[in-house]
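Visitor: mind folding the following:
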Amino acid sequence: MDFYRDHILPWLTHLSMRQARLVPYRTRVVSGATGRVLEIGIGSGLNLPFYGQNVKQIVGIEPSPMLLDMARNAARRSMSHLELVEGTAEAIPIESASIDTVVTTWTMCSIPNVDGALAEMRRVLSSGGSLLFVEHGRAPEPRVRWWQDHLTPAWKCLSGGCHLNRAIEDLVQRAGFRIEHIEKGYMRGPKPLTFMYEGRARPH
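Guide: Presented below is the predicted three-dimensional model:
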């Protein structure tokens with residue numbers, strides 16, 4: 001299982017996240033980042049080309065050494081000023097109130113202690129900072145929710161802990177963020193996997 005987690009799963013993650021249908025979400029969310037940016041779960045660096053000129057620095061945190069190596073290779077082809085950190089979102093090794101923008105793209109689903117991670121994101125954000133996110137999660141339809149709840153135990157084992165049924169908007173608000181803008185809806189594909197939350201929030 002360690003071999004699958006450490007060597008196979010990172011490649012599967014990279015390939016699945018390269019889908020062209022995710023590009024419009026990345027474009028809208030990532031391009032809104034400004035100042036000093038913390039990207040949670042930077043993965044293989046697929047967001048790097050979407051950061052704009054208003055970004056001064058990107059700090060990317062990621063628990064997978066293999067994905068971090070991919071991100072380093074991606075950074076060589078970009079102009080981003082990038083610092084990569086091996087670690088988890090539940091214990092971010094960054095000083096409080098030092099980040100202007102936190103970015104998460106399809107990451108909250110797989111963080112074991114997502115409440116703790118959101119508390120950490122809130123801690124590192126400056127008082128005027130923003131959390132920019134696009135995540136898949138709990139759908140509004142009872143039948144789709146039933147499938148999400150029943151598929152999640154097996155899905156987590158195959159996909160590195162990914163939950164299909166997390167209510168992203170509720171989690172963000174419960175962590176002490178005020179949501180300023182949110183768009184919700186299905187992306188093309190199987191409904192249990194494709195209900196998207198795309199938004200911007202600020203710490204209360």
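
Visitor: tell me where the longest strand sits in this structure.
Guide: Scanning the chain for the longest strand, with DSSP state E as the assignment, gives strand 125-136.

Visitor: which other helices and strands contact it?
Guide: For strand 125-136, the elements it packs on are helix 23-30, strand 99-105, helix 168-174, strand 195-203, judged by 3 or more C-beta pairs under 8 Å, 6 or more residues apart in numbering; DSSP states H and E. C-beta here means a position set from N, CA and C on the backbone, and glycine is covered the same way.

Visitor: pLDDT averaged over the third one - what is it?
Guide: Over the span of helix 168-174, the pLDDT mean works out to 98.

Visitor: and the lengthiest helix in the chain, what's buried?
Guide: As assigned by DSSP state H, the longest helix anywhere in the chain is helix 142-158. For helix 142-158, a neighbour-count test (16 or more other C-beta atoms under 10 Å) marks 144, 145, 147, 148, 152, 155 as buried.

Visitor: relative to strand 195-203, how tilted is it?
Guide: 80 degrees (axes from the mean of the first three to the mean of the last three C-alpha atoms, to 10 degrees).

Visitor: run the angle between helix 142-158 and strand 125-136 for me.
Guide: Angle, helix 142-158 to strand 125-136, by the same axes, to 10 degrees: 100 degrees.

Visitor: pLDDT on helix 142-158, on average?
Guide: 97.

Visitor: what's that helix in contact with?
Guide: The contact list for helix 142-158, computed with C-beta atoms under 8 Å, 6 or more residues apart in numbering, reads 138, 139, 162, 163, 164, 165, 191, 192, 195.

Visitor: okay, buried residues for stretch 19-34 please.
Guide: So stretch 19-34, judged by 16+ other C-beta under 10 Å, has buried residues 22, 25, 26, 29, 30, 32, 33, 34.

Visitor: nearest to residue 101, of these?
Guide: Among the buried residues of stretch 19-34, residue 33 lies closest to residue 101 (C-beta to C-beta), at 4.2 Å.

Visitor: show me what contacts the residue lying closest to that closest one once chain neighbours are set aside?
Guide: Leaving aside its chain neighbours, residue 33 sits nearest to residue 101 (4.2 Å; criterion: C-beta to C-beta, 6 or more residues apart in numbering). The contact partners of residue 101, taken as C-beta under 8 Å, 6+ apart, are 32, 33, 34, 35, 36, 37, 38, 55, 129, 130, 131, 132.
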